[in-house]
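*Asks:* My questions are about this predicted structure, shown below with the sequence.
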Amino acid sequence: MDSNTFLGPYMKALEAQRQLLHKAQSRRGQRLHNRESRDEAYNTFMMGYLSTVMQSRQHEIHSSFVPPAYAPCATSIVDLTPIFIKDLQLETHHRGRFLTLRTITPPNRMSAIMAITEDEKDDVVLLMIYQQEDEEVRRATDFFGQGTVLIVKEPYFKATSDGRYGLRVDHLSDIVWTKHDDSMVPAKWRSRMLKVKASVQALKKKGNDAVAQKRYHEAIDFYSEGIDHENVTEEELAMLKRNRALAYLKTGQFDAALLDTGFPSFGAQPNNKALFRAADTLYNLERYDECCQTLELFCSAFSNDSDGPTALARARDRITEQTTGIYPFKRMQALARTMRPPQLNHATFTGPVEVRQTASKGRGLFATQAIKAGDLLLCEKAFGYAYAESEGSVVNRDTSKISLLMNIETNQGFLGTQADLLTKLVRKLWCNPSRAPAFKTLFHGQYESPSTPFVDDKPIVDTFLVERIMTLNVFGCPDSSIGIWKDTMMAASRKEDSVHHSSGFWIKASYINHSCRSNAHRSFIGDMMVVRATRDLEPGAEILFTYRPAKKLENVFEHWGFRCECTICLDTKTTKPATTKQRQQIHKRLERDFDLALNHPDTIRNIQRTLDALQKTYPQPTSAVPRVKIFDPQLALTRFLIQDKKYMDALVHGKSALESLGFVVTGFEASDVEFRVVTWGHFLDHVVEAFQHVRSAFRASGAEKKAIQAEGYAKVAYRIAVGEDETYDPSYDQKIIKHFTIG
Ligand SMILES: C[S@@+](CC[C@H](N)C(=O)[O-])C[C@H]1O[C@@H](n2cnc3c(N)ncnc32)[C@H](O)[C@@H]1O
């Protein structure tokens, strides 16, 4: 939704990949008899490694191709049998087998982390592992340096795009990382030197030193070794776990951190660090109620510690947001403007909506009570977010690269931050299996994934399932919709196809189905998505927003695999080509007349006549099919008339502009009838401007009460457009007039 899925220029590359794959398939099951020698493989790899290390890759667009999906290994390592490199068959998943490897080169990062590895028989093979953390987050050499021994479960051996071959690992649980004294490490690779076992105290110190240097993964290893130590005392065990909880917290492994704190029972004499870390973890897991309860315990047990009340107040703020939908929107907008990446610290509010089955669109989101236009339906914190810095800005640690992500099987892809988002989602689920159920139930088309949740005490995260879910539910998003709204207003006419490189994933919003004739609008404040109703809704109404505008004369939403059957799409389909041509000609005439009107105000009468002619080409009532193409010139005319101080005429055309979108409004006439929107019409950003012109016209004609009423509607429209009205400025219409006389 609002992502760049138009990959026309890159389709050739996708086709080339497909051909390669096709060619490779014909070699399926073959064993390689002319495998590269150890030296050849090493030298070729090192040449590539050195050239990528030396190259500046800042301005390159990286591409990653998602291969045909395959299931992760769901069998325990103890039930697999070994295989060696010489027995590998091309284009084959070696089910039921495992391969033990040792790296003989440093790791090289492309879209995967790669290294040349050897097996016990001294044969070598290229290993490519995907979905690893970014180099800035964790250096590849820290876990995949020379001499690392690892086990690949059910290895997948395949041809690579440069005509060579290698092992590809897409699922995180398909690799078992060994430790130096692991019984799984072949005897010939174990150190001959007798290693003196470190004491628990020494391990704790090493762990603490690693934490001080922010080497949290290393710290986890030291603490874990201490925890498993045969001489560890009860007291040491508790302390090591508390410390490991901190390292888990810092690496986003919240489920594991919580377990280490002892939550939910902290004993008769709770430890301050255990309590505080448990609360911090619960906060990160968005379990604010339990977080508050833990902090209340902390505050009563450690009343002298000033951190407790501060953390408690913060958690209580989140509960207020969750339960009331009241947010400090102005502050959030300011943060979204300056904070990079704009990941805001706020809770999710779910309004009066629930997920239900629809008749023909799978599940959808439905109103559970009567809702007014402008009401908040969702204010949702992103589950995953990949931020793209705008061009020319400083790229910081959490900025995602813009890359091309293409799926060979589905023929779909994105140009944006989706490749990074995919890795973030996979890793989040891997680190926090408690978050997986809500994610896995989202729409994923026909893709079937194995249901085993854990193997060898580790979660199974099917990368291809995550990719399918992401593809069908991802949103492209701006830093904040306020910027887009202002640009649209200043451009004076509508821009329909803005796409964004930043991308995010919002679980509740993912249940909303598409309609071009929507009744809800989404906007963004940093990584918070705000969904508001654009019209009054009856209880039981399905909430619908527009994924992207339907392409001209086409109602197929190929990317999601459905046809839109809304009244707008049906009308477009049934409109005769002659009528479309006639409308285009009238529009040309209008453009010309608007240009003339700048110097010859008499032309206005022509414009009015031409607009009447345009109206006649629309047979359907505006309540069924909004006339967006009439709204634009009607609004431009209203703008012109306001500037010309022809307020009565401005009211006439302001009314026509709103009516062309299906609005039913009373009180335009010079009577005491209140100015009131009886029915909200189709929502566009410029509706704010239309109401503001109406307000100005009433005010200038002395109808102050009606001016205040119209201002109220402008504010509601602004709230729908940007998500909130705390930043509403009543003088936008004046600013637009200053910049542009006519759209
Ligand atoms: C983001 S999901 C929406 C929630 C989904 N209906 C579910 O059951 O979870 C997108 C998918 O919903 C379905 N969908 C959305 N809008 C639709 C529409 N107007 N007509 C038919 N199917 C639609 C399509 O299958 C689409 O790929």
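*Replies:* That came through, no problem.

*Asks:* Can you get me a residue count around the closest residue to the ligand within the stretch 1-150 of the chain?
*Replies:* In the stretch 1-150 of the chain, the residue that lies nearest the ligand is Met1 (7.7 Å; Cβ to the nearest ligand atom). The way it works is simple: take the backbone N, C-alpha and C, and place the C-beta from them, glycine included. If you count neighbours by other Cβ atoms under 10 Å, Met1 ends up with 23.

*Asks:* Name all residues that make contact with it.
*Replies:* Listed by Cβ atoms under 8 Å, 6 or more residues apart in numbering, the contact set of Met1 reads 474-476, 547-548.

*Asks:* Stretch 11-20: which residues count as buried?
*Replies:* 13-14, 17, 20 (16 or more other Cβ atoms under 10 Å).

*Asks:* Pick the one among the residues you listed closest to Lys581.
*Replies:* Within the buried residues of stretch 11-20, the smallest distance to Lys581 is 36.1 Å, found for Leu14 (Cβ to Cβ).

*Asks:* Can I get the buried ones among the contacts of Met1 as something I can paste into PyMOL?
*Replies:* Buried residues within the contacts of Met1, by 16+ other Cβ under 10 Å, are selected in PyMOL with:
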select buried, resi 474+475+476+547+548
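
*Asks:* Between all of the contacts of Met1, which two are separated the most?
*Replies:* Val474 and Arg548 (12.2 Å).

*Asks:* any idea which helix or strand carries the residue nearest in space to the middle of the chain?
*Replies:* Centroid check for the chain by Cα atoms, centre = their mean gives Gly504 as the closest residue, at 1.1 Å. Per DSSP states H and E: Gly504 is located in strand 503-505.

*Asks:* Pull up the pairing partners for that strand, direction included.
*Replies:* Strand pairing for strand 503-505, using DSSP bridges, gives strand 384-386 (antiparallel), strand 475-476 (antiparallel).

*Asks:* Just after the first one, pick out the following helix or strand.
*Replies:* In this case it means strand 384-386. Next along from strand 384-386, by DSSP H and E: strand 403-407.

*Asks:* Which other helices and strands does that next one contact?
*Replies:* Under the contact definition 3 or more Cβ pairs under 8 Å, 6 or more residues apart in numbering; DSSP states H and E, strand 403-407 sits against helix 11-25, strand 62-66, strand 412-416, helix 418-431.

*Asks:* returning to what we had before: could you verify my assumption that the residue nearest to the centre of the chain touches Leu421?
*Replies:* Yes. Checked against Cβ atoms under 8 Å, the pair Gly504 and Leu421 is within contact range at 7.3 Å.

*Asks:* For Val461, see how far away Ser449 is.
*Replies:* 10 Å (Cβ to Cβ, to the nearest Å).

*Asks:* ok, back up a step: quick one, what contacts the residue nearest to the centre of the chain?
*Replies:* Applying Cβ under 8 Å, 6+ apart, the residues contacting Gly504 are 382, 384-386, 421, 474-475, 477, 527, 529.

*Asks:* any chance of these in TSV, with distance to the ligand and pLDDT too?
*Replies:* Shown next, in TSV, are the contacts of Gly504 (distance: Cβ to the nearest ligand atom, whole Å; pLDDT from 0 to 100):
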residue	distance to the ligand	pLDDT
Ala382	15	98
Gly384	15	98
Tyr385	17	97
Ala386	18	95
Leu421	15	95
Val474	9	96
Phe475	9	95
Cys477	15	94
Asp527	18	98
Met529	13	98
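
*Asks:* Of these, just the buried ones, ChimeraX syntax please.
*Replies:* Selecting only the buried entries of those in ChimeraX, with 16+ other Cβ under 10 Å as the criterion:
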select :382,384,385,386,421,474,475,477,527,529
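
*Asks:* picking that back up, reformat the helices and strands packed on strand 403-407 as a markdown table; add distance to Arg639.
*Replies:* Below are these laid out as a markdown table (distance: least, Cβ to Cβ, whole Å):
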| stretch | distance to Arg639 |
| --- | --- |
| helix 11-25 | 42 |
| strand 62-66 | 45 |
| strand 412-416 | 35 |
| helix 418-431 | 39 |
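
*Asks:* Burial check on Tyr618, number of neighbours?
*Replies:* 18.
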